[in-house]
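Novice: the following block contains a protein sequence and its predicted model.
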Amino acid sequence: MPDYETFQHDVLVIGSGGAGLRAAIEASAAGVSVGMVCKCLLGKAHTVMAEGGIAAALANVDDRDSWKVHFADTMRGGQYVNNWRMAELHAKEAPDRVRELEAWGAVFDRTKDGRILQRNFGGHKYPRLAHVGDRTGLEMIRTLQDHGVHQGIDVHMEICIVTLLKDGKRVIGAFGYDRERGRFKIYRAKAVVLATGGIGKAYKITSNSWDCTGDGHSLAYHAGAGLIDMEYIQFHPTGMVWPPSVRGMLVTEGVRGEGGILTNKDGKRFMFDFIPDNYKAQTADNEEEGWRYTQGDKNARRPPELLTRDHVARCIVREIKEGRGSPHGGVYLDIAWIKKKLSNAGEHIKRKLPSMYHQFKALGDIDITQEPMEVGPTTHYIMGGVQVDADTQMSDVPGLFAAGECAAGINGANRLGGNSLSDLVVFGKRAGEFAAKFAKENAHGEVDEAQIDGYAREALRPFENSAGENPYSVQRDLQEVMQHNVGIVRDEAEMLTALDHLKTFWERADRVGVIGHRDFNPGWHTALDLKNLLTVSEAVTRAALERKESRGAQFRDDYPDKDERFSKVSTIIRKAVDGSMEVQLEPLPEMPDYLKQIIEEMK
Amino acid sequence: MSAAIFRIWRGDAKGGAFEDYTTDVSEGMVVLDAVHEIQAKQANDLACRWNCKAGKCGSCSAEVNGMPKLMCMSRLSDLPLEKPVTIEPMKAFPIQKDLITDVSWNYRVKKKIRKFNPRPPDAADGTWRIAQEDIDRVQEFRKCIECFLCQDVCHVLRDHRKHDEFIGPRFLIYTAALEMHPLDTEDRLEELRKAHGIGYCNITKCCTKVCPENIQITDNGIIPLKERVVDDHYDPLGWIWKKLKR
Ligand SMILES: Cc1cc2nc3c(=O)[nH]c(=O)nc-3n(C[C@H](O)[C@H](O)[C@H](O)COP(=O)(O)OP(=O)(O)OC[C@H]3O[C@@H](n4cnc5c(N)ncnc54)[C@H](O)[C@@H]3O)c2cc1C
Ligand code: SF4
Ligand code: SF4
Ligand code: FES
């Protein structure tokens, strides 16, 4: 065996977003040695892009808020197919996790009496999102990073993990390469935490950053873990649509939270046209009331623009499909109109939404204080992921933990805005804590050297094939197919076609070639990412085919309604013994009475 | 659609040269789009860093027509496309490959700065009370995306290579944010003056000019810090008194 550089840690965390950093900090605080690898530089993970805020029932702005209301909101938003225990822990623990960020140096916006300010967001009954202007993710990642570097965590930057290592049933480390030189590395660990984020890059139009290629989902699947809820992909209703180079870039929900409205080409405010029954009681029925809500009137109900993302995205698609869209295939999002209400509207918008103002000005030549934006849905977040135990975050593979976007359960069929950042710290902490505990109770496993040679040879194969197909072409075709065939509106025929395409993409991926050498070679990196993108794309498609109903983020044209038969099950994807992908339905855990009662009370 | 020429530096620590690539230009494109287009179709192994393509992560720093910029926020329509657009790596850090430099020095520097250390909580529930106007300045500094463009342009690092004696504008405002944080109790002035070399800065303001987050690095950060350092040095008791009174 060639000599691979080998590192040894008690706990290895893969990923340096909010979840990975929080897990590493916790594990380290528990007194075990911790290594953290990430394929980007520290402080640059996708979490840095989060804008609107972090949800926690601090009740600083509206004292009627409590963990119970947050829990009920999360379950309602998720269409009650969430893992109830995760939703409960999340609602209960989020406030402490936010306060802890403050103790570590985060500087949140303040209320008049000097406490952490909270803002309105879709699906949250009360103002609940702690925030820093519209750059909350940056604040969170920087706080965790700056705290974490003094905790004795060994950070390995720009390392890409290509496979998990196992000893029998247990995960005992990971194998990857450094991007700078292309040298292989072995990371031995008693417990591994996956915190690799999302899968947005499987789609053509996405708000996600480069790293979101579904690596953790794929690593876990190939190591034998189950992936649940993969059909639920959140298409954020408002992404930029013009110019083409920024298509998909996020326009924060905060714009609607501050009073922004959605209109079609006829100037009609179409969101009032259809309000789902389970939200009727808490949604405004006139424009005036909606405006008052955004301005903090506690007696007003929220405007329909702030309904859940799945619903708003579908309404936008309907307007576009029926010919009432904007010139570049979106609809209008208008915040400039508030000048009718506020004398200093221009300044107000710039202060509340500085990055949005800057983003449109710099990239779209649009002044949002003066004219409406054009927006349309963009692939944003995956609710599905590694199935984990709610309390410990361990998967069904011993020693393998997952937290953050790559884990599943808390969000059910649809995530509420702001619930991801809170998920990252609540469950990142838990994953770190229980991974450390597992590490203390178990010894290092044995690395199978012959297997590692096999992985290395496999990873280097594209170099032997320099005349092979360009990996970027396969990636582009895959993104195109997922966008068109497994997008917001789905049906069986299109998804079966997608599966056929995926089969040929797997074959093409097998024959790609790269030019140049191993030093920082993006062509090679793209070739290696293909396996992950293909694995998650296939999982999403198979899960979506299996759920023959429409619920939350999954909308099927051929089964447009909810179906009772699917109301108490998750889809679960596993690798079968013959290597093929298997999908099954698994019953959801039964919710205890005290939680059912909370949901009843909050109806 | 028209075409433009991109003159991109290709090479590694041992040396390299500019190479010309021609690619189509469409409405709204930024420099990073052109680099990606070239990477996908003509030079798969062309190395560049990027993550968000939205000006938020600070990964894609490079020098475009000689100006330190985020590639993802540089519109082609703002550049003279009748001439080749040159793209090259930052100069203040060692080259790794093509447009990528080794910025690890920045991470080492940050680790040396004393961490945030808050006063005991104000309220029984473990929380603090802070007025918004007391954190406006700190929040301005915390907008920093660590693109290191200010470090790249600062002559103390770029030309004089004082990396061992000077922490650079990024970490001066990082220190300023800690020093001005209403909850922080640590005193970093002595180390600023000695180990962190604040005296090397002669207020040329080049750093402020290139900051993509428009942070007033010099006026709001470095100058007040310099004043504090001077006060502290000549009148340490007075400074402590001021800090307590704040
Ligand atoms: C524009 C935008 C705005 C958003 N705004 C909000 C908001 O306001 N509120 C909210 O709650 N949520 C928001 N979200 C969602 C939220 O930001 C993400 O869900 C969350 O940041 C995911 O964090 P994470 O820690 O799970 O993973 P990420 O932050 O995605 O980090 C993944 C890490 O894993 C590493 N990695 C991946 N694969 C590998 C590999 N193979 N080997 C080694 N390392 C690897 C990456 O390098 C990275 O460090 C937003 C999302 C977007 C796109
Ligand atoms: S103002 Fe100071 S820190 Fe900024 S570039 Fe000039 S010398 Fe460097
Ligand atoms: S201060 Fe500005 S230029 Fe310097 S690293 Fe931060 S964002 Fe970049
Ligand atoms: S890619 Fe993130 S700032 Fe340019």
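Specialist: Structure's in. What do you need? Numbers count the residues shown, from 1 in each chain, chains lettered A, B, ... in the order given. Ligands and ions are numbered 1, 2, ... in the order given.

Novice: ignoring the adjacent residues along the chain, who's closest to the residue in the stretch 251-400 of chain A that chain B sits nearest to?
Specialist: Nearest residue of the stretch 251-400 of chain A to chain B (C-beta to the nearest C-beta) works out as A:Ala362 at 6.0 Å. C-beta: built from backbone N, CA, C; applies to glycine. Nearest non-adjacent residue to A:Ala362, counting by C-beta to C-beta, 6 or more residues apart in numbering or on different chains: B:Met73, 6.0 Å away.

Novice: residue contacts, the one you found?
Specialist: B:Met73 is in contact with A:Ala362, A:Leu363, B:Val30, B:Gly55, B:Pro212, counting by C-beta atoms under 8 Å, 6 or more residues apart in numbering or on different chains.

Novice: what about these, which are in helices?
Specialist: Under the assignment DSSP state H, the contacts of B:Met73 contribute A:Ala362, A:Leu363 to helices.

Novice: so which of the contacts of B:Met73 comes closest to ligand 1?
Specialist: Relative to ligand 1, the closest of the contacts of B:Met73 is B:Gly55; by C-beta to the nearest ligand atom it sits at 11.5 Å.

Novice: looking at residue 190 now. What's its pLDDT?
Specialist: Just going to use chain A. We have a pLDDT of 98 for A:Lys190.

Novice: please go with chain B instead
Specialist: You'll see B:Glu190 listed with a pLDDT of 91.

Novice: and it, how many neighbours does it have?
Specialist: Per other C-beta atoms under 10 Å in any protein chain shown, the neighbour tally for B:Glu190 reads 13.

Novice: what does A:Lys280 give?
Specialist: Counted by other C-beta under 10 Å, the residues lying close to A:Lys280 total 10.

Novice: what does A:Arg183 give?
Specialist: Neighbours of A:Arg183 under the rule other C-beta under 10 Å: 15.

Novice: in space, what's closest to it - neighbours in sequence excluded?
Specialist: Excluding its sequence neighbours, the residue lying closest to A:Arg183 (C-beta to C-beta, 6+ apart) is A:Tyr177, at 6.4 Å.

Novice: I figured that neighbour hits A:Ala459, correct?
Specialist: Yes. Taking C-beta atoms under 8 Å as the definition, A:Tyr177 is a contact partner of A:Ala459 at 6.8 Å.

Novice: quick revisit: for the contacts of B:Met73, which one is nearest A:Val32?
Specialist: Nearest to A:Val32 among the contacts of B:Met73: B:Gly55, at 37.6 Å, using C-beta to C-beta.

Novice: need the contact list for the closest one.
Specialist: Contacts of B:Gly55 by C-beta under 8 Å, 6+ apart are A:His358, A:Gln359, A:Ala362, B:Leu70, B:Cys72, B:Met73, B:Ile145, B:Pro212.

Novice: so what does it look like in phi/psi?
Specialist: phi 70, psi 20 (degrees, to the nearest 10).

Novice: and of the contacts of B:Gly55, the nearest to ligand 1?
Specialist: Among the contacts of B:Gly55, and counting by C-beta to the nearest ligand atom, the member closest to ligand 1 is A:Gln359, at 10.4 Å.

Novice: now A:Gly133: closest residue in space, sequence neighbours ignored.
Specialist: Once flanking residues are discounted, A:Gly133 sits nearest to A:Pro354: 5.5 Å by C-beta to C-beta, 6+ apart.

Novice: actually A:Ala402, sorry about that
Specialist: Going by C-beta to C-beta, 6+ apart, A:Ala402 has A:Val386 as its nearest residue, at 3.9 Å.

Novice: same check, this time on B:Val35
Specialist: Closest to B:Val35 by C-beta to C-beta, 6+ apart is B:Cys48, at 5.4 Å.

Novice: what does B:Pro224 give?
Specialist: Using C-beta to C-beta, 6+ apart, the closest residue to B:Pro224 is B:Ala176 (6.9 Å).

Novice: quick one: name whatever helix or strand follows the helix or strand encompassing that neighbour.
Specialist: Per DSSP states H and E: B:Ala176 is located in helix B:168-179. Sequence order places helix B:189-193 as the next helix or strand after helix B:168-179, per DSSP H and E.

Novice: contacts for that following helix, please.
Specialist: Helix B:189-193 has contacts (C-beta under 8 Å, 6+ apart) with B:113-114, B:172, B:175, B:179, B:198-199, B:225, B:228-229, B:232-233, B:239.

Novice: buried ones among these?
Specialist: For the contacts of helix B:189-193, a burial check counting by 16 or more other C-beta atoms under 10 Å in any protein chain shown picks out B:Ile113, B:Leu172, B:Thr175, B:Glu179, B:Ile198, B:Leu225, B:Arg228, B:Val229, B:Asp232, B:Trp239.

Novice: what's the closest of those residues to ligand 1?
Specialist: Within those, the smallest distance to ligand 1 is 22.9 Å, found for B:Ile113 (C-beta to the nearest ligand atom).

Novice: list the contacts for the closest one?
Specialist: Contacts of B:Ile113 (C-beta under 8 Å, 6+ apart): B:Ile167, B:Phe171, B:Tyr174, B:Thr175, B:Leu178, B:Arg188, B:Glu191, B:His196.

Novice: hmm, try it at 10 Å
Specialist: For B:Ile113, the residues meeting the contact criterion (C-beta atoms under 10 Å, 6 or more residues apart in numbering or on different chains) are A:146, A:150, B:167, B:171, B:174-175, B:178, B:186, B:188, B:191-192, B:195-196.

Novice: are any of these buried, and which?
Specialist: Using 16+ other C-beta under 10 Å as the burial test, the contacts of B:Ile113 include A:Asp146, B:Ile167, B:Phe171, B:Tyr174, B:Thr175, B:Leu178, B:Arg188, B:Glu191, B:Leu192, B:His196 as buried.

Novice: A:Phe463 belongs to a helix?
Specialist: Yes. Counting by DSSP: H, G, I helix; E, B strand; the rest coil, A:Phe463 is part of a helix.

Novice: isn't it up against A:Asn521?
Specialist: Yes. With contact defined as C-beta atoms under 10 Å, A:Phe463 counts as touching A:Asn521 (9.2 Å).

Novice: who touches both of the two?
Specialist: Common neighbours of A:Phe463 and A:Asn521 (C-beta under 10 Å, 6+ apart) are A:Gly182, A:Val514, A:Ile515, A:Ala527.

Novice: for the last one, give me phi and psi.
Specialist: What that stands for is A:Ala527. Residue torsions, per degrees, to the nearest 10, at A:Ala527 are phi -60, psi -40.

Novice: next one: it from ligand 3, what distance?
Specialist: Distance, A:Ala527 to ligand 3, by C-beta to the nearest ligand atom, to the nearest Å: 32 Å.

Novice: can you check A:Leu89 too?
Specialist: 36 Å.

Novice: can I assume that residue is in contact with A:Asp391?
Specialist: Yes. Look at A:Leu89 against A:Asp391 with C-beta under 10 Å: they come within range, at 7.1 Å.

Novice: have a look at those two and say which one is more surrounded.
Specialist: Neighbours per residue (other C-beta under 10 Å) separate A:Leu89 from A:Asp391, with A:Leu89 holding more: 19 against 13.

Novice: ok, that one - contacts?
Specialist: Counted by C-beta under 10 Å, 6+ apart, A:Leu89 has contacts A:Trp67, A:Phe71, A:Asn83, A:Ala390, A:Asp391, A:Ile410, A:Val426, A:Phe427, A:Arg430.

Novice: state which one residue of chain A is found closest to chain B.
Specialist: In chain A, the residue that lies nearest chain B is A:Pro243 (2.2 Å; C-beta to the nearest C-beta).
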